[in-house]
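Participant: Sharing a model that was predicted from the sequence below.
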Amino acid sequence: MNETLLSVERLPAPAIAPGLDGNAANPALAKNIQSFHNVLTRMLAAGANVSDLIFSPGRPPQVELTGDLQGVPIAGLERLTTQNIKAMADLMLLGNEQGTEVLEKKGSTDISYSVPGLCRFRVNIFMQRGTHAIVMRVIPTKPPNWEELNLPEGVMTAAGLKNGLVLVTGPTGSGKSTTLAAVIDLINATKRYHIVTIEDPIEFMHEHKLGTVHQRELHSDTPDFASALRAALRQAPKVILVGEMRDRETIEVALEAAETGHLVLSTLHTIDAAKTIDRIIGVFPKVEEAAIRTRLSQSFRRIISQRLMPKISGGRVAAIEILASNSRTREYIEKGEKDGRSIVDAMNDGEMEGMQTFDKELEKLIRGGIVKREIALAYSTNANNLALAISDMDGSPPPRVEASSPAVSEPEVAIDGFER
């Protein structure tokens, strides 16, 4: 196994992407691919909740299982060498010239990788201490079912929107991609729409149902989000999914698409609805703030923010905040928040319209015995207000909790549905 993988970098690149059948004319390459796939199969067999596969020099192949890293004993790979890992990276990058170029220029690259009959992976290959390392996130073969995820109605009604901007936000690993995939799957199953997704990389594979879904991947299908989004405007879609709004140009085109009758769904790495609005406005020069506030207030339909936290029973549960568009929230976005006029107040008063706040949802999780009190306080937006709201549960005065940013680290528990 060790020698087989070491020989990969000396083999010529195939004319097509790697695959056992496609490379039958190159027996040595086919053997290397089969050996690598056997390693992945062994690692996935380590447990039912494997979320990530990690290859690091000096360590055995490792999996993240129920929150902990565990080594997987594989003969010949007890301690991975730099050559082992480079050979694996070269296998996954065969035929992907753009991914290889990005790795060489920027030190890391994101790709997707599929093993027929096994599963798909979202892969990040990166340089560290002058050597390669690899992290492979396991992607389910089918899009998630929103009923199984127990998503609130305020999220799923986004599937019925005709146009506008829907954003799902949260830290890395909070379930943004999972939520968006569930919304796309519901649209695909219930609407005769043309849906275009632009992803880095493609995660969930959507089959054509009532709708028609075209999925484009950065580096292999398009160079960047902005150019793919501009092209999508000429592809007659009803729904456009943009994997992430990373820069001003992408945000600008997304707003334009939402304003011209498309339903645009995307993500941002922000912790709540208010910070999402600030992030979008802050991308533009100060002289454009008033115009951007007006455009955003008119085009946004939902801002959905998520935080994942450990459940008492094991696994994780998502607390979800939802800001929906109405005359009040549009005014607050356009004119800004002031004393007595806050986005949080609007969400607290907008329950009939599907709105909800993190702290109200955390209170429900505590009272339902789903999440421990101290965990919920750590993830809350205003820990002191939450402590006051649940003070009747123990009969003692609410503790004074120092205000802090919501926790965003990955808790050491089993992944339960949401992980992307």
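Facilitator: Happy to help now that I have it. Just so it is clear, the model here is predicted, and its values are computed rather than measured.
Participant: drop to CA atoms for contacts and neighbour counts, all remaining ones
Facilitator: OK.
Participant: Residue 247 versus residue 228, what's the distance?
Facilitator: Using C-alpha to C-alpha, to the nearest Å, we find residue 228 at a distance of 14 Å from residue 247.
Participant: In terms of neighbours, single out the busier of the two.
Facilitator: More crowded of residue 228 and residue 247, by other C-alpha atoms under 10 Å: residue 228, with 21 against 13.
Participant: distance of that one from residue 188?
Facilitator: From residue 228 to residue 188 the distance is 21 Å (C-alpha to C-alpha).
Participant: give me phi/psi at residue 129?
Facilitator: phi 50, psi 30 (degrees, to the nearest 10).
Participant: burial measure for the residue nearest to residue 213 when sequence neighbours are not counted, as a count.
Facilitator: Once flanking residues are discounted, residue 213 sits nearest to residue 195: 4.7 Å by C-alpha to C-alpha, 6 or more residues apart in numbering. By the criterion of other C-alpha under 10 Å, residue 195 has 24 neighbours.
Participant: so residue 195, which of the three states?
Facilitator: For residue 195, the assignment made with DSSP: H, G, I helix; E, B strand; the rest coil gives strand.
Participant: Please apply the same query to residue 48.
Facilitator: Classified using three-state DSSP, residue 48 is coil.
Participant: again, but for the one 10 residues further on
Facilitator: Secondary structure assignment for residue 58 (three-state DSSP): coil.
Participant: My understanding was that it contacts residue 83; is that so?
Facilitator: No - look at residue 58 against residue 83 with C-alpha atoms under 8 Å: they stay out of range, at 11.2 Å.
Participant: which of those two has more neighbours?
Facilitator: Per other C-alpha under 10 Å, whichever of residue 58 and residue 83 has more neighbours is residue 83, with 19 against 12.
Participant: Which strand or helix spans that one?
Facilitator: Assigned by DSSP states H and E, residue 83 falls within helix 82-93.
Participant: packing partners for that helix?
Facilitator: helix 2-6, strand 131-139 (3 or more C-alpha pairs under 8 Å, 6 or more residues apart in numbering; DSSP states H and E).
Participant: Which of these comes out lowest on mean pLDDT?
Facilitator: Of all the helices and strands packed on helix 82-93, helix 2-6 carries the lowest average pLDDT, namely a mean of 44.
Participant: Skip ahead from that helix and say which helix or strand is next.
Facilitator: Heading C-terminal from helix 2-6 (DSSP H and E), you reach helix 27-44.
Participant: buried residues in that following helix?
Facilitator: Neighbour-count burial for helix 27-44, counted by 16 or more other C-alpha atoms under 10 Å, picks out 29-33, 35-37, 39-40, 43-44.
Participant: do stretch 277-296 as well
Facilitator: If you call a residue buried by 16+ other C-alpha under 10 Å, then stretch 277-296 has these buried ones: 277, 280-281, 283-284, 289, 292-293, 295-296.
Participant: again with stretch 186-204
Facilitator: Residues 186-189, 191, 193-204 are the ones in stretch 186-204 that count as buried (16+ other C-alpha under 10 Å).
Participant: Give me the subset of those lying in helices.
Facilitator: Counting by DSSP state H, these place 186-189 in helices.
Participant: Let me have those in JSON lines, adding pLDDT and distance to residue 77 as columns.
Facilitator: Below are those laid out as JSON lines (pLDDT from 0 to 100; distance: C-alpha to C-alpha, whole Å):
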{"residue": "186", "pLDDT": "96", "distance to residue 77": "43"}
{"residue": "187", "pLDDT": "97", "distance to residue 77": "45"}
{"residue": "188", "pLDDT": "97", "distance to residue 77": "43"}
{"residue": "189", "pLDDT": "96", "distance to residue 77": "45"}
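Participant: Put the alpha carbons of the host helix or strand of residue 385 into PDB.
Facilitator: Residue 385 is part of helix 383-389 when elements are defined by DSSP H and E. Taking Å, rounded to 0.1, in the frame of the first residue of the first chain, the C-alpha atoms of helix 383-389 are listed here in PDB:
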ATOM      1  CA  ALA A 383     -26.700  35.700  28.300                       C
ATOM      2  CA  ASN A 384     -28.000  37.900  31.100                       C
ATOM      3  CA  ASN A 385     -31.400  38.300  29.500                       C
ATOM      4  CA  LEU A 386     -31.600  34.500  28.900                       C
ATOM      5  CA  ALA A 387     -30.600  33.800  32.500                       C
ATOM      6  CA  LEU A 388     -33.300  36.100  33.700                       C
ATOM      7  CA  ALA A 389     -35.900  34.500  31.500                       C
END
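Participant: Run through the neighbouring helices and strands of it.
Facilitator: helix 358-367, helix 373-379.
Participant: Poorly predicted segments of the stretch 51-200 of the chain, please.
Facilitator: For the stretch 51-200 of the chain, the stretches with pLDDT under 70 are 66-67.
Participant: Where do the strands of it begin and end?
Facilitator: For the stretch 51-200 of the chain, applying DSSP state E, counting those that start in this stretch gives strands covering 62-65, 68-71, 108-115, 119-128, 131-139, 164-169, 194-199.
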